[in-house]
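Peer 1: Here is my input, please return the structure:
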Amino acid sequence: MPKSSATVSVIRASWPYPSHWSGVPVDLNLLRSFVAIYETRSLTAAAEGLYVTQPAVSQALGRLRRELDDPLFRRVGRTMEPSELASSLYPDFRDALARIDRTLDSVHGFEPAEFDRVFRIALSELGEIGYFPAILDAVRTAAPHARLEVVPLDVDRLPGWLARGSIDLAVTSSRVTGEFPHVVLKSQGYAILMSQNHPLARGEVSLEDYLAATHVVVASDSGRPNLRTALSRLGAVLDEPVSVNHFASIPPLLAARPDMIATVPDTIGAGWATSWPLVVRQLPFDMASVDVSLFARTTAQHSAALDWAFDVVRRAISGTHGEFFAIHGYPDR
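Peer 2: Okay, here's the model as predicted:
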C-alpha cells in the first residue's frame, strides 16, 4: 500500500468539523489512526491493523483530541467507546480516506507481488475444506509474500467483524445483517448420502422411504432451514434422532452405520463417495438451493488490497465449480 505524508485541508463547508478547526491542515496518519480506533474499538488492534506501535496510535489520538477539543473515545472496560462527535466524524473520515487511497493507487498502482501483510478470511468448516485450497493457490500465485489467516465463521459475530475490520472477507451461505459489499458465488444443491450397503442405496428414493429413514444431521448446516421449508410444503416433518457438530463426522458415521442417511451438499457428497463406501441419491422432492456469498469489510484500511483480494477470491471460488477437491484429490494438472 503506498504511503503518503500528504495533508488535507479541512473545509468547513464540506465537513461537519468544529468551526475552530476549519482550514487547519491535518496529517492523514491522524485520520487513519482515528478510523482504525473507531472500527476496532481498541488502541492495540488499531496499531496492529496500521502496522505501527500502540504508543504511536496513542500519540495520534492525543493530537486529535487537542485539535478537536473533544475526548473522541472513552475507555469502557476493554473497549474504546466513541463520543458523539467521533461518531459524527467517522463516516466522512472513512469515505475520504478510501477515496484518497484509491486515487493514490490509481497513480502508483497496487502491486500484489510486493504485498506482505495479512488477509483474514472467515470460512465455515465446509468452506475451509472446499474453497480454501483454491483461494490459497490464487492469492499466493499473484502475491507470494501475502499471509492468509482463516477465521472460523461465526454468523452472529460476522457483521461486527466486517464493520470493524477484524476480518477482510467472509464466505457464507447465511444471511448477514448490515450493508456490506457482497456477491453471490454459487447456488449449492443438496442430495442424500448413505452407505453402499443401505437398503435405499439402489434405485430412486421415494418420499415415503426418505421420511421413514434414520437421519443424521449437522447442527450448523445452513441448508437445514431450506430442507424444513421444502418438507413443510409437503406437510411432512423430518425426524432427526442424531445430530453432530461437524460435516467431517458424516462419512465415517454413515460407513459404520448402513441404516442411516444424511442430507448434505451434493458436491461434498459426491466427493465423499469417491473415497468412502458411500453413494449419493437424488432428493425425492424439490429443495431450494443455498446461495453462497462473498462479503467484504467496509473499513478504510488498505482499500486497494481489499479490492484486489475480493476479486481474486471471487474468481477462485467461482472457478471451483463446487468441486471439493480437498476431499477426493485434485485432478491432474
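
Peer 1: Centre-most residue in this protein?
Peer 2: residue 170 (0.7 Å; C-alpha atoms, centre = their mean).

Peer 1: For this protein, name the helix or strand with the lowest mean pLDDT.
Peer 2: The weakest-scoring helix or strand in the chain, judged by mean pLDDT, DSSP states H and E, is strand 7-9 (a mean of 33).

Peer 1: Could you grab the helix/strand/coil label for the residue nearest to the centre of the chain?
Peer 2: strand (DSSP: H, G, I helix; E, B strand; the rest coil).

Peer 1: hang on, it packs against residue 122?
Peer 2: Yes: taking C-beta atoms under 8 Å as the definition, residue 170 is a contact partner of residue 122 at 4.0 Å. Bear in mind the C-beta positions are built from the backbone N, C-alpha and C, glycine included.

Peer 1: Quick check: neighbours shared by the two?
Peer 2: Counting by C-beta atoms under 8 Å, 6 or more residues apart in numbering, the common neighbours of residue 170 and residue 122 are 153, 158, 161.

Peer 1: and the gap between the first one and residue 31?
Peer 2: If I follow you right, that is residue 153. Counting by C-beta to C-beta, to the nearest Å, the gap from residue 153 to residue 31 is 32 Å.

Peer 1: repeat for residue 307
Peer 2: The separation that residue 307 has from residue 31, given C-beta to C-beta, amounts to 20 Å.

Peer 1: now swap in residue 94 and tell me
Peer 2: Distance of residue 94 to residue 31, given as C-beta to C-beta: 9 Å.

Peer 1: And those two? Which one has more around it.
Peer 2: residue 31 (23 against 20; other C-beta atoms under 10 Å).

Peer 1: Please identify the helix or strand for the spatially closest residue to the more buried one that is not a sequence neighbour.
Peer 2: Among residues not flanking residue 31 along the chain, residue 93 sits closest, at 5.3 Å (C-beta to C-beta, 6 or more residues apart in numbering). Using DSSP states H and E, residue 93 maps to helix 84-108.

Peer 1: mean confidence for that helix?
Peer 2: Mean pLDDT, helix 84-108: 81.

Peer 1: And the strands in this protein?
Peer 2: Here the chain has its strands, by DSSP state E, at 7-9, 25-27, 73-76, 79-82, 118-123, 147-152, 169-172, 182-188, 190-195, 214-218, 242-244, 260-265, 278-281, 290-296.

Peer 1: Which neighbouring elements make contact with the last one?
Peer 2: This points to strand 290-296. For strand 290-296, the elements it packs on are helix 158-164, strand 169-172, strand 182-188, helix 303-318, judged by 3 or more C-beta pairs under 8 Å, 6 or more residues apart in numbering; DSSP states H and E.

Peer 1: again with the fourth one
Peer 2: Identification of packing neighbours for strand 79-82 by 3+ C-beta pairs under 8 Å, 6+ apart yields strand 73-76.

Peer 1: Run the chain-centre distance for the strand it packs on.
Peer 2: 28 Å (C-alpha atoms, centre = their mean, to the nearest Å).
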